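In: the following comprises the amino acid sequence and a computationally predicted model.
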Amino acid sequence: MNIQDFAAATFGLSIAGVVTVSAGYYLLKQDIHQYLKLKSSESEGTARKELLTLRLQAHERLILFVDRINPASLFLRLHQQGMPAAVLHALILEEVRTEYQHNVTQQLYIGTATWQAVRKLKEDTLIMINHARQNLPDEALAAELCKIVLQHLGGMEHNPYDLSQELITKEIHLLF
């Protein structure tokens, strides 16, 4: 066999191979597209499930945050018998700020209005604690600070901590 015959045979086989692959592609094209579409939709489904999990965890953490900055909870955790009001005041401010910093990234997974409500609750808590402390003499005990804050909360028509938790819970229900 000479070089020209070999080249012609090779070219003929190459053309046959291209025709076979092309015919196979056109026959399987729809199946390939369906397979790729299915894989893509499976990936999207997995991503949605992961996002839903993150969003639920964010809402759980914010419900816990609201509970932890509730003055009644703060007093139970931080108050010690005979503690000066100034010490409890400082501990509460630090605790609320620390809790907030631990949860600040949760705003990525919740609605803007809900995050604004949580942030406002944190600010209102700090203001309420500061205001109560300003009305006490320097030598006042922590029990007096607790009493003033709890009386203030008791005098409110609606407990802002309960309302915030309800708002977060309602947003969770919108996810389903």
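Out: Received, thanks. Remember, predicted model here, so these are calculated numbers, not experimental data. Residues are numbered from 1 along each chain as shown.

In: buried set for the host helix or strand of L163?
Out: Assigned by DSSP states H and E, L163 belongs to helix 160-174. Residues P160, Y161, S164, Q165, L167, I168, E171, I172 are the ones in helix 160-174 that count as buried (16 or more other Cβ atoms under 10 Å). (Each C-beta comes from the backbone N, C-alpha and C, glycine too.)

In: what's the answer for stretch 56-71, then?
Out: A58, H59, R61, L62, I63, F65, V66, R68, I69, N70, P71.

In: with stretch 142-150 instead?
Out: A142, E144, L145, C146, I148, V149.

In: could you tell me the average pLDDT over it, please?
Out: In this model, stretch 142-150 has a mean pLDDT of 97.

In: same thing with stretch 50-70?
Out: Taken as a whole, stretch 50-70 carries a mean pLDDT of 95.

In: then stretch 100-107?
Out: For stretch 100-107, mean pLDDT is 96.

In: next, the distance between the ends of it.
Out: This stretch, stretch 100-107, spans 11 Å end to end (Cα to Cα, to the nearest Å).

In: what's in contact with that stretch?
Out: A58, R61, L62, F65, I69, W115, R119, K122 (Cβ atoms under 8 Å, 6 or more residues apart in numbering).

In: got TSV for the residues you listed, with distance to L108 too?
Out: Formatted as TSV, the contacts of stretch 100-107 follow (distance: Cβ to Cβ, whole Å):
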residue	distance to L108
A58	7
R61	12
L62	12
F65	15
I69	20
W115	9
R119	14
K122	17
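
In: quick one: which of these sit in strands?
Out: Applying DSSP state E to these, no entry is found in strands.

In: quick check, nearest of these to L51?
Out: Within the contacts of stretch 100-107, proximity to L51 (Cβ to Cβ) peaks at A58, which comes in at 10.4 Å.

In: gap between the closest one and R68?
Out: Separation of A58 from R68 (Cβ to Cβ, to the nearest Å): 15 Å.

In: residues in contact with D138?
Out: A86.

In: tell me the backbone dihedrals of it, please.
Out: Dihedral angles of D138 (phi, psi; degrees, to the nearest 10) stand at phi -60, psi -30.

In: burial count for L121?
Out: By other Cβ atoms under 10 Å, the residues close to L121 number 23.
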